[in-house]
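Engineer: The following block contains a protein sequence and its predicted model.
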Amino acid sequence: MSLITEIRQRKAILRHTKIIATLGPATDSEKVMGQLIDAGIDLVRLNFSHGSHEEHAWRIKTIRKLSREKNYEVGVLGDLQGAKIRIGLFKDKKINLENGENFCVDTELSLEEGDQEKVGTTYKGLAGDVNTDDILLIDDGRIVLRVLNVDGSKINCEVVMGGELTSNKGINRKGGGLSAPALTEKDREDILHAVNFDVDYIAISFPRDADDIKLAKQIFTDAGGKAGIIAKIERFEALESIDEILDECDAIMIGRGDLGVEIGDAEVPGVQKTLIDMAHEKNRIAITATQMMESMTYSPIPTRAEVSDVANAVLDGTDAVMLSGETAVGKYPAETVRAMSRTCLASERRALKKNSDERVDTLFERVDEAIAMSAMYTANHLNVAAIAALTESGSTALWMSRVNSAIPIYALSRIEKTLRRVTLYKGVYPASLELMGRTHAEVNKEAIDVLLKCAVVQENDLVIITKGDLVGVDGGTNALKIVRVGHLIDPQ
């Protein structure tokens with residue numbers, strides 16, 4: 001059997017939507033982490049709300065070791081805890097609230113002194129942020145309280161929707177408006193550790209506005225950090241400042257749990273679509289998260305509703321979907337990734353376009369962005385099999401990924417950090433390629449060789465190569481070349 005025949009038979013079916021899996025106790029072995037990679041994860045998430053810095057350091061070391069062994073790039077996302085407001089502890093571990101009875105949230109009460117009548121809170125300013133008739137939602141809205149009055153530190157409430165309530169559950173004000181700062185002292189410490197971990201992305205939890213993102217970026221960069229900034233959209237206030245937030249970040253994560261509590265669950269699907277569209281308009285990445293396949297924490301198969309949820313996110317155009325407890329503490333982490341992957345693949349058959357005329361009327365200010373868009377337009381109108389974007393920073397590949405297209409984009413770079421960074425870009429696949437000291441003809445040939453090894457092209461396929469005249473210069477992409485696989489490549 002010839003090499004070309006073999007390649008034709010095993011030509012890859014590529015998933016464009018990226019999958020982020022949260023690491024935790026359920027994944028804390030090389031075997032399980034290896035299974036996650038084999039199942040198709042693109043990035044791992046470290047949730048700084050749980051676990052020690054030593055545990056996170058081991059997880060990063062292990063996933064990067066396995067990544068090298070499997071020759072498969074995996075990005076790392078560090079997720080700050082943020083100012084998640086919680087109730088305190090109950091002396092009897094849990095209570096049961098009945099509809100109509102009174103219950104008090106006391107900001108001065110010790111966090112360990114909760115009982116059937118009252119409970120403390122981690123946010124000491126809560127009493128100053130609420131008023132009579134405000135609605136407080138506890139445990140993702142499972143418990144609903146109406147504020148009767150505020151007496152000093154005591155927020156006296158009527159139970160509107162009761163039930164069992166356990167310690168440390170989150171508390172939100174319906175409609176938002178809580179003034180707790182986005183960054184806590186713990187977050188500032190975790191940022192320093194994230195720099196030492198060399199994370200590829202860092203997620204800012206509960207930002208209210210662009211200033212919260214600017215502050216986190218400043219602390220991170222002052223400490224020597226180099227990573228993409230993700231703004232988690234979880235507060236009502238963040239929606240009011242979304243344009244400015246998008247200007248300050250590289251990506252947004254739609255945290256549908258807390259966001260749904262603040263704006264109402266029925267509003268989330270429409271807001272999700274709008275946020276994805278707004279992110280793409282500004283060349284930003286959109287991640288959809290929270291409860292995507294939650295039943296698989298305990299079940300080896302997802303519900304049909306969960307499959308539809310993931311599929312709809314793909315149809316909305318999301319760049320990535322994220323798993324949280326399903327992989328961190330679930331019984332079936334690898335099975336969950338495989339279920340999400342096949343759902344994405346099936347949905348992409350409808351979502352991705354063979355031809356696209358997006359942004360054809362745009363006036364570009366940068367040469368490299370114009371080259372990226374020219375490559376996508378040409379590829380979509382010339383039956384091109386793949387695109388090879390030779391890149392230092394990954395910017396060209398990012399711009400290409402903003403166009404809804406079924407054509408795979410390979411980001412070829414000599415820089416490991418860039419290869420890990422592009423793991424979040426929709427439809428972009430990282431591959432190592434040494435460019436220094438090569439002639440143009442050698443670079444062209446080696447780029448095609450990479451695509452052949454990845455089984456995405458075969459003889460006579462058309463391939464677009466984008467590159468810069470000056471190797472090693474960020475933002476220097478200024479050339480587009482069309483080549484045919486298996487034919488002589490001229491030295492231009």
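Structural biologist: Arrived safely, thanks for sending.
Engineer: Show me the beta-bridge partners of residue 255.
Structural biologist: For residue 255, the residues forming beta bridges with it (DSSP bridges) are residue 289.
Engineer: Also residue 79?
Structural biologist: Beta-bridge partners for residue 79, by DSSP bridges, are residue 47, residue 203.
Engineer: With residue 409 instead?
Structural biologist: Beta-bridge partners recorded for residue 409 (DSSP bridges): residue 387, residue 428.
Engineer: So what's the residue count around it?
Structural biologist: Look at residue 409: counted by other C-beta atoms under 10 Å, it has 29 neighbours. (Each C-beta comes from the backbone N, C-alpha and C, glycine too.)
Engineer: That one contacts residue 399, doesn't it?
Structural biologist: No: look at residue 409 against residue 399 with C-beta atoms under 8 Å: they stay out of range, at 10.0 Å.
Engineer: what's the overlap in contacts for those two?
Structural biologist: Common contacts of residue 409 and residue 399 (C-beta atoms under 8 Å, 6 or more residues apart in numbering): none found.
Engineer: quick one: the strands in the stretch 351-492 of the chain?
Structural biologist: 386-390, 409-413, 428-432, 462-468, 477-484 (DSSP state E, counting those that start in this stretch).
Engineer: Of those strands, give the one that comes closest to residue 76.
Structural biologist: Smallest distance to residue 76 across those (C-beta to C-beta): 13.5 Å, for strand 428-432.
Engineer: Just put the strands of the stretch 351-492 of the chain in TSV and tack on mean pLDDT and distance to residue 134.
Structural biologist: Below are the strands of the stretch 351-492 of the chain laid out as TSV (pLDDT from 0 to 100; distance: least, C-beta to C-beta, whole Å):
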stretch	mean pLDDT	distance to residue 134
strand 386-390	95	51
strand 409-413	95	48
strand 428-432	95	45
strand 462-468	91	54
strand 477-484	90	53
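Engineer: quick one, which of those strands is nearest to residue 285?
Structural biologist: Using C-beta to C-beta, those put strand 428-432 closest to residue 285, at 10.5 Å.
Engineer: what sits up against that closest one?
Structural biologist: 14, 73, 389, 397-398, 400-401, 408-414, 416, 418-420, 422-423, 450, 454.
Engineer: Can you give me the buried ones in it?
Structural biologist: Counting neighbours by 16 or more other C-beta atoms under 10 Å, one finds that the buried residues in strand 428-432 are 428, 429, 430, 431.
Engineer: next one: stretch 452-465
Structural biologist: If you call a residue buried by 16+ other C-beta under 10 Å, then stretch 452-465 has these buried ones: 452, 454, 455, 456, 457, 458, 461, 462, 463, 464, 465.
Engineer: for stretch 213-228, same thing?
Structural biologist: 213, 214, 215, 216, 217, 219, 220, 225, 227, 228.
Engineer: Stretch 296-303 now?
Structural biologist: Buried-residue list, stretch 296-303, by 16+ other C-beta under 10 Å: 296, 297, 299, 302.
Engineer: first to last residue in that stretch, what's the distance?
Structural biologist: From its first residue to its last, stretch 296-303 covers 8 Å (C-alpha to C-alpha, to the nearest Å).
Engineer: One more: stretch 295-315?
Structural biologist: Terminal residues of stretch 295-315 lie 22 Å apart, using C-alpha to C-alpha.
Engineer: Pass me the low-pLDDT residue ranges in the stretch 351-492 of the chain, would you?
Structural biologist: Of all residues in the stretch 351-492 of the chain, those with pLDDT under 70 make up the ranges 354-362, 437, 469-475, 488-492.
Engineer: just checking, residue 480 touches residue 373?
Structural biologist: No: counting by C-beta under 8 Å, residue 373 is not a contact partner of residue 480; they are 10.4 Å apart.
Engineer: Residue 435 contacts residue 414, doesn't it?
Structural biologist: Yes: with contact defined as C-beta under 8 Å, residue 435 reaches residue 414; the gap is 5.5 Å.
Engineer: Compare neighbour counts for the two and give me the winner.
Structural biologist: Taking neighbours as other C-beta under 10 Å, residue 435 and residue 414 compare with residue 435 leading, 20 against 16.
Engineer: can you give me phi and psi for the more buried one?
Structural biologist: The phi/psi pair for residue 435 (degrees, to the nearest 10) reads phi -100, psi -30.
Engineer: So it versus residue 226, what's the distance?
Structural biologist: Distance, residue 435 to residue 226, by C-beta to C-beta, to the nearest Å: 21 Å.
Engineer: again with residue 172
Structural biologist: Using C-beta to C-beta, residue 172 is found at 34 Å from residue 226.
Engineer: now the buried residues of stretch 213-228 as CSV including distance to residue 204?
Structural biologist: Listed next are the buried residues of stretch 213-228 as CSV, based on distance: C-beta to C-beta, whole Å:
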residue, distance to residue 204
213, 6
214, 10
215, 9
216, 5
217, 8
219, 10
220, 9
225, 13
227, 11
228, 11
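Engineer: Please flag which of these sit within strands.
Structural biologist: residue 228 (DSSP state E).
Engineer: State the pair within the buried residues of stretch 213-228 that is farthest apart.
Structural biologist: For the buried residues of stretch 213-228, the maximum inter-member distance is 16.8 Å, found between 215 and 228 (C-beta to C-beta).
Engineer: Now do the strands in the stretch 1-150 of the chain.
Structural biologist: Going by DSSP E, counting those that start in this stretch, the stretch 1-150 of the chain shows strands at 18-22, 43-47, 75-79, 94-97, 102-106, 118-119, 135-138, 143-151.
Engineer: neighbouring contacts of the third one?
Structural biologist: Think strand 75-79. 20, 42-49, 56, 60, 63-64, 190, 194, 197-203, 205, 227, 230, 232, 420-421, 423-424.
Engineer: again, 6 Å this time
Structural biologist: Taking contacts as C-beta atoms under 6 Å, 6 or more residues apart in numbering, the residues outside strand 75-79 that touch it are 43-47, 60, 194, 199-203, 420, 423-424.
Engineer: cool, the second one as well?
Structural biologist: For strand 43-47, the external contacting residues (C-beta under 6 Å, 6+ apart) are 20, 21, 22, 23, 56, 63, 75, 76, 77, 78, 79, 423.
Engineer: nearest to residue 255, of these?
Structural biologist: Nearest to residue 255 among those, with distances taken as C-beta to C-beta, is residue 79, at 10.0 Å.
Engineer: got a pLDDT number for the closest one?
Structural biologist: Per-residue pLDDT puts residue 79 at 97.
Engineer: Present the buried residues of stretch 452-465 as CSV; the columns should include distance to residue 32.
Structural biologist: Below are those laid out as CSV (distance: C-beta to C-beta, whole Å):
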residue, distance to residue 32
452, 32
454, 26
455, 27
456, 29
457, 34
458, 35
461, 37
462, 41
463, 37
464, 39
465, 38
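Engineer: per-domain residue ranges of this protein.
Structural biologist: Per automatic domain parsing, the structural domains of the chain span 17-83+181-350, 94-173, 367-484.
Engineer: Return the member of those having the minimum mean pLDDT.
Structural biologist: Confidence, taken as mean pLDDT, is least for domain 367-484 of these (a mean of 89).
Engineer: okay, how far is it across that domain, tip to tip?
Structural biologist: Termini of domain 367-484 sit 25 Å apart (C-alpha to C-alpha).
Engineer: which stretches of the stretch 151-300 of the chain form helices?
Structural biologist: 185-197, 210-222, 236-240, 242-248, 256-263, 268-281 (DSSP state H, counting those that start in this stretch).
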